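Colleague: quick one: sequence and predicted model below, then my questions.
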Amino acid sequence: MTRMEYQTFRLETMPALAAPMFIIGFRGWGNALEVSAGTAAYLVETLQAVPFGHMEPDACYRYDENRPVVKIETGVMKSITPPGGSFFAIQTHAGENDLVVLVADEPSLNWYHFSRELVDLAHRLKAPGVITLGSMFDNVLHTDRVISAVTTGSDVEGQVSRQGVIPINYHGPSAIHTIILEACRKRAVSGASLWGHCPTYLQGITHHGMMLQLVRLLADMASFSVKTDALEAGWEALKTQIQKLMTDNPKLQEIMNQVRKKKREGAMQDLGQNGNEQGKVINLKDFLDP
């Protein structure tokens, strides 16, 4: 396939994929407990993905907000790495959907331009759909598996509702995820944005349990198979450590009891807030074994 030229990302090669589903996970805002980017990265690592393109930093990022990372040793500059991200191609088994996965820092510039070009690439590759991933803090427990979604319409709504995903009701400032969905709608490409709800009382960890739930949901929605052993093991280890911390830490028990009370009252976190209340957050890095 002829290589396509875009301004917000660069493609080194064009993957030989058959109508791949697009899955997008951003670092930064909308990546509570590393669920969004972590889920996309897990697919890349587990399914032997091959990189074929990268974000154009000058077109997509404000360096005063997301600064390049420099490495200096004994006074000598060794390297400097701008914010960015990579496109990966995944060829799946016969009868399953191939995948294109983007793992990247969330763009801070040219959202509409980037979204149009991203959806143009999906359209040209005959993608059956585009799925963006997000995660937010909410009044939930770490054992809960709450996922909400916004879609481009009835072509995706039925599939999402069958999975027990909660439709989002929201009016407020937008994330880039909804700009991408708008670009999908204009090009008649099916789109969905899936959001994992993470407990406000946990910080400084990767929520393997929510990642596991998202991976299983994606595999069903996008029709591909993936092993989840590593996520299951990570989640079991994390649950054990949290349970031990709960036993030894009355403060955490109190916080979780407050969450249970709010759940009984039907309280849900405003999607426009991050859910971090001063004095009600425990950074597990301070307690978990190294």
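Modeller: Yep, that arrived.
Colleague: residue 152 touches residue 185, doesn't it?
Modeller: Yes: at 4.7 Å, residue 152 counts as touching residue 185 under the criterion of Cβ atoms under 8 Å. No exception for glycine: its C-beta is placed from N, CA and C like everyone else's.
Colleague: which stretches in the stretch 51-200 of the chain count as strands?
Modeller: For the stretch 51-200 of the chain, the strands defined by DSSP state E, counting those that start in this stretch cover 69-73, 76-81, 85-90, 99-105, 130-138, 147-151, 166-167, 191-199.
Colleague: format those strands as CSV; extra columns: mean pLDDT.
Modeller: Output for the strands of the stretch 51-200 of the chain, formatted as CSV (pLDDT from 0 to 100):
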stretch, mean pLDDT
strand 69-73, 97
strand 76-81, 96
strand 85-90, 98
strand 99-105, 98
strand 130-138, 95
strand 147-151, 94
strand 166-167, 90
strand 191-199, 95
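Colleague: need these in a markdown table with distance to residue 53, can you?
Modeller: Converted to a markdown table, those look like this (distance: least, Cβ to Cβ, whole Å):
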| stretch | distance to residue 53 |
| --- | --- |
| strand 69-73 | 21 |
| strand 76-81 | 17 |
| strand 85-90 | 4 |
| strand 99-105 | 9 |
| strand 130-138 | 16 |
| strand 147-151 | 26 |
| strand 166-167 | 33 |
| strand 191-199 | 20 |
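Colleague: tabulate the ones you listed (a markdown table), appending distance to residue 24 and mean neighbour count.
Modeller: Output for these, formatted as a markdown table (distance: least, Cβ to Cβ, whole Å; neighbours: other Cβ atoms under 10 Å):
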| stretch | distance to residue 24 | mean neighbour count |
| --- | --- | --- |
| strand 69-73 | 22 | 10 |
| strand 76-81 | 21 | 9 |
| strand 85-90 | 9 | 22 |
| strand 99-105 | 5 | 24 |
| strand 130-138 | 5 | 26 |
| strand 147-151 | 14 | 22 |
| strand 166-167 | 20 | 12 |
| strand 191-199 | 9 | 26 |
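Colleague: relative to residue 205, which of those is closest?
Modeller: Nearest of the strands of the stretch 51-200 of the chain to residue 205, taken as Cβ to Cβ: strand 191-199 at 9.6 Å.
Colleague: okay, angle between the closest one and strand 147-151 too, please.
Modeller: If you take axes from the mean of the first three to the mean of the last three Cα atoms, to 10 degrees, strand 191-199 sits at 160 degrees to strand 147-151.
Colleague: can I get strand 191-199 as CSV, trimmed to CA atoms?
Modeller: Output of strand 191-199 as CSV, limited to C-alpha atoms (Å, rounded to 0.1, in the frame of the first residue of the first chain):
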residue,chain,number,x,y,z
GLY,A,191,-16.5,5.1,17.2
ALA,A,192,-16.6,4.5,20.9
SER,A,193,-14.8,5.9,23.9
LEU,A,194,-14.6,3.6,26.9
TRP,A,195,-13.9,5.0,30.4
GLY,A,196,-12.8,2.9,33.4
HIS,A,197,-13.9,4.3,36.8
CYS,A,198,-11.0,4.1,39.3
PRO,A,199,-11.2,4.6,43.1
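Colleague: and that strand, how far out from the chain middle?
Modeller: Remark: strand 191-199 is offset 8 Å from the chain centroid, using Cα atoms, centre = their mean, to the nearest Å.
Colleague: just stretch 189-204 next, same as before
Modeller: 7 Å.
Colleague: centre-most residue in this structure?
Modeller: The geometric centre of the chain, computed from its C-alpha atoms, lies nearest to residue 36 (Cα atoms, centre = their mean), at 1.8 Å.
Colleague: so what's it up against?
Modeller: Residue 36 sits next to 25, 26, 27, 30, 133, 134, 135, 196 when contact means Cβ atoms under 8 Å, 6 or more residues apart in numbering.
Colleague: thinking again about what came up before, give me the more crowded residue out of residue 152 and residue 185.
Modeller: residue 152 (23 against 15; other Cβ atoms under 10 Å).
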